[in-house]
Structures are given as structure tokens and as C-alpha cells.
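K.L.:
below is the sequence, then the predicted model.
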Amino acid sequence: MGFSGKQMRSVIVFQGKVGYLAFFNRRMRCSNFLPLYFSKMCYRLKHKFAKKSVEIDRHGAGRGSKVFALMDYNLPDLTGNGTGYKKSEMNVKDTLDDMDISMICKRFPSISLGSAPQVDLYDGTTSYSEMTGILATDDFEKYFSDSSEARWVQNSLSEALPSLYVDHSSETSSTLREEDSFPLSPDSMSSIYEENLDNQVTWENSQEQVGLQLPANLPLNELFIDKPISFLHGLSKRVYQQLDNCGFHTLRKLLHHFPRSYANLQNAHAEIDDGQYLIFVGKVLSSRGVRASCSFSFLEVIVGCQISDSESASEHLTGTATEGQEKTIYLHLKKFFRGTRFTYTPFLRSLEKKYQEGDIACVCGKVKTMRHKDHYEMREYNIDVLEDGKDLSFCAKERPYPIYPSKGGLKPLFLRDIIVRALQALPVNVDPIPKDITEQFGLLSLHDAYFGIHKPNNINEADLARKRLIFDEFFYLQLGRLFQMLEGLGTQIEKDGLLDKYRSPKNNTLCTEEWSCLTKKFLDTLPYTLTSSQQHAVSEIIWDLKRPVPMNRLLQGDVGCGKTVVAFLACMEVIGSGYQAAFMVPTELLAIQHYEHLLNLLENLDEVKFKPTVALLTGSTPLKQARMIRKGIQTGEISMVIGTHSLIADKVEFSALRIAVVDEQHRFGVIQRARFNSKLYYTSSILSMEEAVTDTSSKSDAYMAPHVLAMSATPIPRTLALAFYGDMSLTQITDLPPGRIPVQTCAIEGNDKGYENVYKMMLDELQDGGKVYLVYPIIELSEQLPQLRAASADLEVISDRFEGYNCGLLHGKMKGDEKEETLRKFRTGELHILLATQVIEIGVDVPDASMMVVMNSERFGIAQLHQLRGRVGRGVRASKCILVASTASSLSRLKVLERSSDGFHLANMDLLLRGPGDLLGKKQSGHLPEFPVARLEADGNILQDAHLAALKILSASHDLEQFPALKLELSMRQPLCLLGD
Ligand SMILES: Nc1ncnc2c1ncn2[C@@H]1O[C@H](COP(=O)(O)OP(=O)(O)OP(=O)(O)O)[C@@H](O)[C@H]1O
């Protein structure tokens, strides 16, 4: 449908009559009246119209004009007849006569005035209108009383968007204009500009800001990336404040705000869907900055792109495809600005000029379909204007588009823009790790890694960047650990020895003959023989115990593999040498169990003089008794104490503590473990124990912190253990005691039929002489979580159901002695069914318990369920574990446990399903380092490399004096803090 020049002229003539309108050159001024009349006509014609620029009529302004702001296009551009346009009225007439409005409409639907409401904006203030009108003149300097005022506006703009003022002639040979590649996002723009316009900054300053001159040699008291955020010039005070409030105090914090994921920017094909992330190369058709209201403006750049019209073709580069296979689509790139200052015409003109008509640009981002066919809006985009003669195919390649998480209310787009500024400021020599190390391990430089993670050209680049950043996470952790250990050693030889040990870890062991007499006797009294792994573990530990340096060892093995007895043997070894042992466990229940277990084993020792005195000290120990125990520990009468946190209380003083065993060590923090170190051993304290021992081992080590043996049932791969416990030697028990039958596991849905089956299985088991655990996620019923079954609420139901069988209740809210009593009854067989919460998860050992039912089992993690399941199948009886899921949908996750009883495999599955931070649950993992980028299950090799690199660095310089930047970086990373100190 056409909109004839005649019709247009009639509009103009009419407007001329009422005296508000002049049609001069390409500019059209519109008053209140025009939009109504004009839009009615346009509406009928289903057409919209635009003019190149907005000019405020002084007459209109004086009357409190209604500004008609959206008519902003060059008519020849609209018709595609941009050349040879003359400014005479005659030519305008001709152009209008020839103009096919429907074609324009097709090309630029977003500026349509027909069916969409017009942007009619009021501003009644004379001063505003006058100001805007004057600013609209090309030479705005004339308006200001002197040129400094004009400079002020320019400076402010240049600060706000330095790329606007970059002298492109001085650009390097990069294909893309780097500074243009991530224009500031709308919201950020407005806030960023706001205050800049308030601050008068000199032009010279703003030039500096554009260039961001970097120091050639960085001072060694500060790393570049630890510069405060204010180092990024051109942001408003408010933005600095916002960033600071959200934790972005330094460039490091910004650069370490990594993309959450990457959208795969695809080359656009014929079928474009809403929300797709696409990449285009096309020609800038128009660029206009529009003042939409007194405090709102926007920039719209329209880019026309040829894209392949056939599904099969993959290239869409301009001019590369043949006729018939291509079609033109129009991208409407929009940025919005809020704030009066951004409505100034010079500002809007400057924005416009950034993109020249005819520029070839690469655009990528998220597309939104518009009402009109082949028109797409993009509000989240990058536009890179390409230099002439560059290979366009390079730019059109698919590439990842970073998607950032928001932080503290700061939007992802805003953060992305600020991060790009930080990247632009980044010097090449930012890497603290020496080049030969990065080359040896095939790593990117840190500079490239930051670029690769934030602005990758392809997914491979992002992957390499990630590898480098993961390497750093592991490397500094290892370096910190080893550095600390070296600092603790005196001589160069000792330090070299330590590094050698880590370089080629040897399994030194001490054969049974060399164990102390007490240990050998204890071994003989055991009702079973040690498995080969247990034997090896004891030999390894005893070898370490004989050394004059404190041992720091992790004993790790799957549930029920028999770690406790290994630890008991280690304790016997030191007791046999005249020292004391402490055994710390996380729960009172476990302390009692271990205590009773040990007493049972010691009963078999016939010679009284060998029998060590063992005590139990927990929070529930009566005061008087506790006082006596503490006294015994102090005098040395008590040679071994088992207990909870109470053992590390200040008032507990040991006379000759030589080993501290920490069971389920991940439940204790580093500080708690380290508190044993304060309970140093002094030779003078050795008392009567000396007479009791038959062998006299060397006591030359007059003053030494105790050996620490930590135990963990959390099955973690060796590499993982290395990362978590970099300073610990590792002993693993890899086999289970003989005769163990794998627990038969079954996941079922907890509907009526499911429960009937479970009860039937329970009855069969009880009739067969078995004992059953029923595990519940909660103690009391919860209104918030009505689907959950609760232990105490079920006691009556289960008791009624299983008449003739005794049921007991065990949960964390019970008193210590009540718990102990219940567990004792279950152990002795007075109770047949034990309804419990996850309080039984750790360490509870009732070897003849043969069945476990876990209610609402989807509430537990896989590793946790594996631990729970480990409470059955500890004897020779075949056992079952039934996992009852609340819904059918959660069954698939639980099926993993049906298929595997391998703790390592399950731990990895858990990592995959829940992420490494959740490996041990939130509460438990408080002391574990967090790896923002690393996926521990997949990045083991990098961890190994990082370990080797750390050793190499420290071999070259024990105190890191040769690597000052590394030392600084290490102090910034604070590995000890990461580990919970
Ligand atoms: N070599 C062995 N032969 C037979 N039984 C053994 C052997 N070693 C230990 N046991 C028994 O296996 C059971 C489990 O041992 P223990 O409690 O030490 O396991 P654990 O590794 O500490 O398990 P958890 O991590 O579940 O606490 C105990 O009843 C113990 O007596």
C-alpha cells in the first residue's frame, strides 16, 4: 500500500497553515495537532512514519508543547534510495511521490506509528525546551557562554562512554573495535552517566581514562588485579558504591565473577525463534538516539542482515549465498537510558554517530521476534563494528555468549559491561605464575584466561581458560599448604626432604615384629584377623609414629571396613611406649560405643600390667567424675581417653599426649583438630607409665606436638583427598572384612502398596531373627512438610503393626543416657525394631542388625544414604536396605544405590548430582575449600599438575622469595581461610 507524496504534502500544507510546521530540508517539525491527524491517516494506511531528528519548535515549546518524538528516519533510507538526495523542496516532492510506504513499513516496523500508540511526551518547561532546542543545533558550543561549558558536556559524555570518543585511527590492528564490543547496558548506563555529568572532569583526564595507562613494572606490594574498583575510570560514584556494596571491591572480585554458563551463539538460519542467542553479520542501516521523554531516551540501531533461507545452508554472510537462498532480516538493537541528562541532544547525537550507516557489524545476542515478519528486537546484544577488508567469516563463526549470574541485586548485563571494562584495563603481564610453569603444563597465561572465560571466541577458548583457572585454584591451595609446612621446618635439608617425600610418596611401613609389645598383645586378643589393608594401614601409621616429627595422617576407608580397630592399634602403640592417647568422636553415642568396644577387647588382655586405663569423657559425664578423669589424664594415670569435643577443652591437660585420633574428621574444623597441638607433650610429665612398658622406645623428642590420625568414611578419590587435605599423608583401607555379604538394596515408591510390601519384608526379617532399623528424616510431624513421616509419630503405628516385637526410639533430642540405653537394648536384642533419625548415620555398629528401611529417602543425599546403609551388613548375616521414596519421580536417583555399593562410585555420583560443595552437606563441609570453577569429579588431572607445579616452585625457592608476585597472590588467596581457619 502506498502513501503518496500528495497525501504527505497535504499534511504539510495543513500544518503550514496553522503555523506550527515548517518542512525544511529533511527535518519535519510536528506540533500537537499533527500526530492526531497524521496518525489517523497512518493508521488507516497501516503505516508509520519517521523523521531523521527531533527538533523542538520554539513556538510550540512556548506553548507548552507536546513533543512528537518518534519520527526519526531519513526518507531516502526508508525507501532504500539513499543516494542523490537533494535538499530542495522539489526533490523532496519527487521522493515523496516515488515513495512506497508499504516497503518502508516492511523494513522498519518498530518505528511504525500506525497501530502502536505514538510516543507523545509532554514537557511544559520553557527552560527545558529552549535548552533542548539549542542543544539540538550542531554547534552547541555557541550556546554556552564559553567553550569550557561545551567541553564540560563533552567530557562528561566521554567519561560516561569512552568508546564514543576513541580515536579509531589510532586503534590497533584488531579486527573488532574492542571498546565497542560491549556497550553499557541500559540500566547501568543511566546510573553510570548520572553522576559523571555532575563531576567536572578535564578532557585530558577523560583521554587518560580511555587509554588506561598501565604501569610497566607492577609494584610488588600490590598485584594489578587487587587494585580497587575505583581504578576503573569513568564510572559514577554511585556505581562504585553499588559495586563495593555487592562485594566487588577490587578488579579481582570483578574478574572472578565468572559466567554461569554460555549460550551457544548459533549462526542465524531461516527459522529464528524467540529467545535464541544468535550471531549475525550485517550492514548498519540506521542509528538514532531518541529523546522519548524528559528523562528517558533510547538508542536504536537497525542492522540489515542476509541470512540463509534454506535449513541446510549454514553460512549467512552478506553476499556469499546465491539469490533465492537468502533473505533479509532486520535487527532492531535497543538501548534505553533513564535520567534527564541522557536526553541532551549532543549526547544522543554522539550515540548515533557511533554506528555509521553502511558500517558492517557483527551482532550477537538474544533475539525477540517482532510483530512484523523478519524483524527482530535485541535488547541484550553485542555489536562489533568491523574494519574494512577484514574476513567476515571469522566474525560470523558460532561462539559462546557468556551468561552471568546476578549478584547483590546487580543485573547480569550490568556486570558484564563492567567486567569488560576491567578486561580492557588488564595488562598482559598480570600472571604471577612463571611462564615456564604455564608452558610446561600447557596453560594459558592469566591474561588470556580472563579473556577466554569472559569473552571467548569459541568454546575451546573458554575451556582452556577454565582449565587455567581451575589450575590456579588447586595450585594455590597446594602451594599454601606446602609453604606453611616448609616454614615450620628449620634446616634446608629438612625442607628438601619434605619436598622429596611429596614428590615421590613412599609407603614406609613397620612390620609387626617391630610393633610395641602392647600392640602385639592387643592384636592377639582380637576376635578376628586383620585384613591385608588393615594390616598395611597399621604398619604405615606405626612407622610414622616412630618418627620424631608429628604425624598428620588421614585414615580413609568405606563404611564398615574396620577403621576403628586400626586406630585402636595405633593408640596401643603409643601407650605401649609410655605415652597417652586421645580418641575424639563427633557424637556421644559413638564415644560410648567405642569406649565399650575397646573395654571388651581389652578384657581379653590377661596381664594386668599391660592393661591401659581407659576413660570416657563427654559433655554428659557427671561433673565429679569428669573432674576425676581430668585429674587422671593430667597425672598420667589414665593412658587413653575417648570422648567428644570435651577432650579439647582448655581444662583438659594431658601429661604425655602422643596421639590424637579424630574420628569422622570432616565433622571437626581445622581449629578443633589443631587444638590438640596445644596439648604438647613434655618429658617431665612422664610418670608411672614408664614402669608399665616393657620396651623403651626413644624419648629424645622432649617437646613435640602429638601425632594426629584423622579418620573419614567419606569415600573420596585420592586426588580429592590431596586437594582437601594437602598437608596430610593418606592411608586407605581398600577391602572389607571377609564374609561380608553386599547389602541388597531396593528403592520403592511409598504408596499404600509400597508400604504393605515393606511391612511384609520387615515381618519376614523379624521372624527370621533379624533386627530392623527404621530411619526417618524428622522426629516430630511437621505441618510445613506433611508428606514426611516422623520417627516419634510412627512409634505407635509400628508397635501396633508388629505386635510381639519390641520397638525403640532414638533421636538427637534424647538425653545421652537415654540414647545409650536404647542402643544398648537394640544391641543386646531387647529391642527388635529401632525407629531412629540420622543420628545413627555415623559409626553406629550393631553387627547383627540386618535390615534398614529409610522413609522419605529422597530427603537424603546419596553419600548419606550409603553411610546409613553401612549400618547394616556389618556382620555375616545377609542384609537388606529398602529406600522408600515419597514420589515415583525421585526413584531414578535412588536407583544408583541399587546398582552400586562402591562408596567411591557413589561419592562421584553424589558430586555429579549435587555439586562438590554438597559432598559432605553444608554443615559438614564448612572447613572444605570451595572451588568456584573446578568440578572435582572431572578435574583430577589438573589437580595432579597443580601439585607438581607447586612442588617445582617451592623446590626452586622454599620461601618464595624468588617469586614475589606468587607470594603476594598466595597471601591474597588466603588458603588457610579457605580451609576454615
Ligand atoms: N578384620 C576384620 N574381620 C572381621 N570383622 C572386622 C574386622 N575389622 C573390623 N571388623 C568388624 O567390622 C565392624 C565394623 O568395623 P568398624 O566399626 O571399625 O568400621 P568403620 O570402618 O569404623 O565403619 P564406619 O565408618 O561405619 O564407622 C565392627 O563390628 C568390627 O568389629
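P.N.:
Cool, the structure landed.
K.L.:
okay, CA-based contacts and neighbour counts for the rest of this
P.N.:
OK.
K.L.:
phi, psi of residue 816?
P.N.:
Backbone torsions of residue 816, given as degrees, to the nearest 10, read phi -50, psi -50.
K.L.:
and it, how many neighbours?
P.N.:
A count of nearby residues for residue 816, using other Cα atoms under 10 Å, gives 17.
K.L.:
tell me the pLDDT of it.
P.N.:
pLDDT recorded at residue 816 is 77.
K.L.:
residues in contact with it?
P.N.:
By Cα atoms under 8 Å, 6 or more residues apart in numbering, the contact list for residue 816 reads 588, 589, 620.
K.L.:
can you tell if the helix or strand encompassing the second one touches the ligand?
P.N.:
In this assignment (DSSP states H and E), residue 589 forms part of helix 588-603. No. Under the criterion of Cα under 6 Å from any ligand atom, the ligand is not reached by helix 588-603; the shortest gap measures 8.3 Å.
K.L.:
got the buried residues for that helix?
P.N.:
Buried residues in helix 588-603, counted by 16 or more other Cα atoms under 10 Å: 588, 589, 590, 591, 592, 593, 594, 595, 598, 599, 601, 602.
K.L.:
just the pLDDT for the second one.
P.N.:
Okay, so that is residue 589. On pLDDT, residue 589 comes in at 86.
K.L.:
and the contacts of the helix holding residue 589?
P.N.:
Residues contacting helix 588-603 (Cα under 8 Å, 6+ apart): 522, 525-526, 568, 584-585, 611, 614-616, 618-619, 642-644, 816, 819-820, 842-845.
K.L.:
now with 7 Å, please.
P.N.:
Residues outside helix 588-603 that contact it (Cα atoms under 7 Å, 6 or more residues apart in numbering): 525-526, 585, 611, 616, 618, 642-644, 816, 820, 843-844.
K.L.:
tell me the secondary structure for the residue of the stretch 801-950 of the chain found nearest the ligand?
P.N.:
Nearest residue of the stretch 801-950 of the chain to the ligand, counting by Cα to the nearest ligand atom: residue 843, 3.4 Å away. Three-state call for residue 843 (DSSP: H, G, I helix; E, B strand; the rest coil): coil.
K.L.:
which among the contacts of helix 588-603 end up buried?
P.N.:
For the contacts of helix 588-603, a burial check counting by 16+ other Cα under 10 Å picks out 585, 611, 616, 618, 642, 643, 644, 816, 820, 843, 844.
K.L.:
the last one reaches residue 871, doesn't it?
P.N.:
Which is residue 844. Yes. When contacts are counted by Cα atoms under 7 Å, residue 844 is listed as touching residue 871 (6.4 Å).
K.L.:
may I have the phi/psi pair for the residue of the stretch 801-950 of the chain closest to the ligand?
P.N.:
Dihedral angles (degrees, to the nearest 10) for residue 843: phi 70, psi -10.
K.L.:
how close does it get to residue 616?
P.N.:
Distance of residue 843 to residue 616, given as Cα to Cα, to the nearest Å: 17 Å.
K.L.:
do the same with residue 554
P.N.:
According to Cα to Cα, residue 554 and residue 616 sit 24 Å apart.
K.L.:
neighbouring strands - and their directions - for the longest strand anywhere in the chain?
P.N.:
Longest strand in the chain, counting residues (DSSP state E): strand 277-293. Sheet pairing here is set by DSSP bridges, and for strand 277-293 it gives strand 261-267 (parallel), strand 296-308 (antiparallel), strand 360-369 (antiparallel).
K.L.:
tell me the mean pLDDT for it?
P.N.:
86.
K.L.:
okay, it in PDB with CA atoms only?
P.N.:
The C-alpha coordinates for strand 277-293 follow below in PDB (Å, rounded to 0.1, in the frame of the first residue of the first chain):
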ATOM      1  CA  TYR A 277      21.100 -16.500  21.100                       C
ATOM      2  CA  LEU A 278      22.300 -15.800  17.600                       C
ATOM      3  CA  ILE A 279      25.100 -14.200  15.700                       C
ATOM      4  CA  PHE A 280      24.700 -12.100  12.600                       C
ATOM      5  CA  VAL A 281      26.900 -10.100  10.300                       C
ATOM      6  CA  GLY A 282      25.100  -7.200   8.500                       C
ATOM      7  CA  LYS A 283      25.000  -3.600   7.500                       C
ATOM      8  CA  VAL A 284      24.000  -0.800   9.800                       C
ATOM      9  CA  LEU A 285      21.000   0.800   8.100                       C
ATOM     10  CA  SER A 286      20.300   3.500  10.600                       C
ATOM     11  CA  SER A 287      21.300   4.600  14.100                       C
ATOM     12  CA  ARG A 288      19.300   7.100  16.000                       C
ATOM     13  CA  GLY A 289      19.300   8.400  19.500                       C
ATOM     14  CA  VAL A 290      15.800   9.400  20.500                       C
ATOM     15  CA  ARG A 291      14.700  11.600  23.400                       C
ATOM     16  CA  ALA A 292      11.500   9.900  24.400                       C
ATOM     17  CA  SER A 293      10.600  12.000  27.400                       C
END
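K.L.:
what about residue 353, neighbour count?
P.N.:
15.
K.L.:
then residue 832?
P.N.:
Number of residues near residue 832 (other Cα under 10 Å) recorded here: 23.
K.L.:
list the contacts for it?
P.N.:
Here residue 832 is in contact with 771, 772, 805, 806, 807, 826 (Cα under 7 Å, 6+ apart).
K.L.:
quick check: the farthest pair among those?
P.N.:
The span of the contacts of residue 832, defined through Cα to Cα, is set by 805 and 826 at 11.7 Å.
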